[in-house]
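> sharing a model prediction with you, sequence too.
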Amino acid sequence: MQKTGSLIIFLIPVFAIAQSDFVVVTKGGKHVQTYASGSKVYISTIYDQQFQGTITEIWHDSIFIDGMPFHYREIASFKRAKLFSGFLMMGTGLMIAGGGFIVLSAINGALRGDQFKLWHTTAGLITVGAFEVAGYIIRKAFYVTYNIGKKYQLQYFALGKNKK
């Protein structure tokens, strides 16, 4: 019984799956972000194409996004969403509120029988403009973009049997 147990314990590493390759975004030699199999990514390629999906595999200098292979040097930038920040909903809400204010002012002006030029006041237009601009800025703050080049570098790490 002990020999069988020992044999099973020694055979576990033979059938175990090792860690796969991964890529790291660095800035000035310091770690910024790691991408491995299962990571959700938004990338832009050097050919001005944008792709969104999940990294299904990283193997032999290639990153497979939903089965499509990309050499890691073909990636021009990674875009990362700041999860749980609420920026996307807040920005969208402000932009919708600005548009709703314009529509509501127009409906109220029409129902009151005002002339067309009196439907929107200067203060109302400034408020709408502030809502729209603030919403746009907050939505842009939802994403962080790592442009690979001078500021950010992309490093490929090969592990295990994939090592060259």
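Thanks, I have it.

> what's the pLDDT at Ile138?
Looking at Ile138, its pLDDT is 82.

> element containing it, please.
helix 122-140 (DSSP states H and E).

> same question, Thr26
With DSSP H and E as the test, Thr26 turns up in strand 22-27.

> on that earlier part again, quick one: buried residues of the helix holding Ile138?
Thr127, Val128, Phe131, Glu132, Ala134, Gly135, Ile138, Arg139 (16 or more other CB atoms under 10 Å). For every residue, glycine as well, the C-beta is placed using N, CA and C.

> will you turn these into CSV that also has distance to His120?
What follows is these, written out as CSV (distance: CB to CB, whole Å):
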residue, distance to His120
Thr127, 10
Val128, 8
Phe131, 14
Glu132, 14
Ala134, 19
Gly135, 19
Ile138, 24
Arg139, 24
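
> name the helices or strands packed onto the next helix or strand after the helix holding Ile138?
Using DSSP H and E, the helix or strand that follows helix 122-140 towards the C-terminus is strand 143-147. Using 3 or more CB pairs under 8 Å, 6 or more residues apart in numbering; DSSP states H and E, the elements in contact with strand 143-147 are strand 75-81.

> got the angle for the next helix or strand after the strand it packs on vs strand 75-81?
Next in sequence after strand 75-81, counting helices and strands by DSSP H and E, comes helix 87-112. Per axes from the mean of the first three to the mean of the last three CA atoms, to 10 degrees, the angle that helix 87-112 makes with strand 75-81 is 70 degrees.
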